[in-house]
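**Q** Got a predicted model here, sequence first, then my questions.
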Amino acid sequence: MKTTLSFRYGLSKSRITSFEQCPKKLWLSVHRRDLAEYDAGAEARFAAGHAVGDIACALHPSGVMVEAEPDLGAAVAETARLIAEGNPGPIFEATFEHDGVLVRVDVLERRKKGWHAAEVKSSTGVKDYHRGDLATQVWVLQACGLPLKSASVRHIDRDFELTREGDYAGLFADAELLRPLKSIIDGRAGVVAAAREVLAGEEPVVEIGEHCSSPFECEFSAWCRRDLPTAPDWPVTLLPYGGGKKWAEQGIEDLLELHEGDLNARNARILAATRDDVPFHDAKGARKAMKSWSWPRAWLDFETIGAAVPRWIGTRPYQQIPFQFSLHLEAKNGTITHHEFLSCDGSDPRRACAEALIKMIPAGACVIAYNSSFEKRVLRDLASWFPDLAGPLLALEAATVDLLPIAREHWYHRDQRGSWSIKAVLPTIAPELDYASLEVKDGGNAQEAWLEAAAPDCDPLRREALADALKAYCERDTWAMVKVARALIDAS
């Protein structure tokens, strides 16, 4: 819904947000945009935000959109005209300018004796930076003389459930913030002046810190880090669950400067495996942990899609909907067969997925997942959607065990670099199964591939190719579990 400012040194809500995160980020975004490096998921996040904005507008069919044509100056004039002529609203992308700061209000609604401004967000609640965004808009609107009676962050209501196709009434909840933001609004003039001063000067000198990734990953991080001293090969930050933070605060950056006696058992194992380049492997402990697993064994992995705007009846915002699973079914004699399910044509995949699970996994099987809380939640959700299938689905959920904690307690190779994700562990055990050779390489790629394949205008041949890529990726995940488990119990 947003349009980039057409004037080089003007300020906008987003530029002020950048300034408040880091003055250097603002300066670079204006003077050296060529240095920006965006992560792979940026485009998908922008698309999701646009989809949410479109729904917010569609809920007001009588509303009018202010287009930035031929430029934003025209949008300011068009907004003024609509208000002066008594347009009942809502007005979408209402555009205002004050003191060189231009803002576009997502939804401007006429209320009794005044107006309500809503800043639409795809999150399920108000985040700290949302308050600054809204404060900037309110400051401009009030300076322009608009009688503003209320202002809110209009966010996704996590409790919304789609009950009728295309009916999104109730998807949003408003967090009223006009009064709570008064002190921030009153300080906007000073913030604007400081931001303008930064833009008029040379590139600021700002130390690397937590602001480099909060509230957003900065697209200029690589540029800012270019002259930093080379980090140790094995930094203390490799210690998981924040275990390296206290050492970094004491000025110790190199993991190899520590001693096992300074660390808990797990971190001591990490240090020893890293220093000696000898993996920690407790095969006896792993065998004991898996001893109770029954046969046959069903190695299971789901791929899901969780959109801000629910697609199918009975689903909620960001609820993970399974569109695919891979299953390696292992008999006690070592025989393994592969089974799979995939729906990527855009239709509701839930019922077919549930039925395929029940058909393919024998009753009484031990279901094995990696980080099983996710698979268990998917099985519970499927059971809640289809009461007639709830019995066998909940039996599968009850039979699910987790390989991750066994790997965490009984294996560590220094190349994992503090992570026990399946993609970190697998190369240390079966490097020939590298994900780099696949078109779909991770869960994020899988979601992007599904979204492309499920689009109504996706070419059938392209959809078929995407389906093949998704199958190859998901199958790799479950085969990876088999390989890791076998390696864990192998004492040779």
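**A** Right, received. Where do you want to start?
**Q** roughly how far is the helix or strand that Ala77 is a member of from the heart of the chain?
**A** Element membership of Ala77 [criterion: DSSP states H and E] is helix 72-84. For helix 72-84, the separation from the chain centroid amounts to 36 Å (computed by CA atoms, centre = their mean, to the nearest Å).
**Q** just stretch 28-39 next, same as before
**A** The chain centre lies 22 Å from the centre of stretch 28-39; the measure is CA atoms, centre = their mean.
**Q** do the same with stretch 126-137
**A** 20 Å.
**Q** hmm, back to that, ok, then the element right after the helix holding Ala77?
**A** Sequence-wise, the next helix or strand downstream of helix 72-84 (DSSP H and E) is strand 91-98.
**Q** List the contacts of that next one.
**A** The contact list for strand 91-98 (CB atoms under 8 Å, 6 or more residues apart in numbering) reads 1, 3, 57, 60, 63-68, 72, 75-76, 78-79, 82-83, 102-108, 139-141, 143-144, 146. Bear in mind the C-beta positions are built from the backbone N, C-alpha and C, glycine included.
**Q** neighbouring strands for that strand, and are they parallel or not?
**A** Using DSSP bridges, strand 91-98 pairs in its sheet with strand 64-65 (parallel), strand 101-111 (antiparallel).
**Q** winner for burial among those?
**A** The highest mean neighbour count among those, using mean count of other CB atoms under 10 Å, belongs to strand 101-111: a mean of 23.
**Q** Downstream of that strand, the next helix or strand is which one?
**A** Counting by DSSP H and E, the element after strand 101-111 in chain order, helix or strand, is strand 114-120.
**Q** what angle do that next one and strand 91-98 make?
**A** Interaxial angle, strand 114-120 versus strand 91-98 (axes from the mean of the first three to the mean of the last three CA atoms, to 10 degrees): 100 degrees.
**Q** Now do strand 114-120: which elements does it pack against?
**A** Counting contacts by 3 or more CB pairs under 8 Å, 6 or more residues apart in numbering; DSSP states H and E, strand 114-120 is packed against helix 42-58, strand 101-111, helix 128-143, strand 148-156.
**Q** same thing but at 6 Å, please
**A** Here strand 114-120 touches strand 101-111, strand 148-156, going by 3 or more CB pairs under 6 Å, 6 or more residues apart in numbering; DSSP states H and E.
**Q** Measure how far the longest helix along the chain is from the centre of its chain, please.
**A** Counting by DSSP state H, the longest helix found in the chain is helix 460-489. Centre-to-centre, helix 460-489 and its host chain are 22 Å apart (CA atoms, centre = their mean).
**Q** In it, which residues are buried?
**A** For helix 460-489, the neighbour count (16 or more other CB atoms under 10 Å) marks 463, 466-467, 469-471, 473-485, 487-489 as buried.
**Q** for stretch 208-227, same thing?
**A** Of the residues in stretch 208-227, His211, Cys212, Phe216, Cys218, Glu219, Phe220, Trp223, Cys224 count as buried by neighbour count, 16+ other CB under 10 Å.
**Q** Among these, which one sits closest to Ile305?
**A** Nearest to Ile305 out of those is Phe216 (CB to CB; 23.4 Å).
**Q** which element is that closest one on?
**A** Secondary structure from DSSP H and E places Phe216 outside every helix and strand.
**Q** Just give the number of residues close to the closest residue to it other than its chain neighbours.
**A** Once flanking residues are discounted, Phe216 sits nearest to Gln21: 6.7 Å by CB to CB, 6 or more residues apart in numbering. The tally of other residues near Gln21 (other CB atoms under 10 Å) stands at 19.
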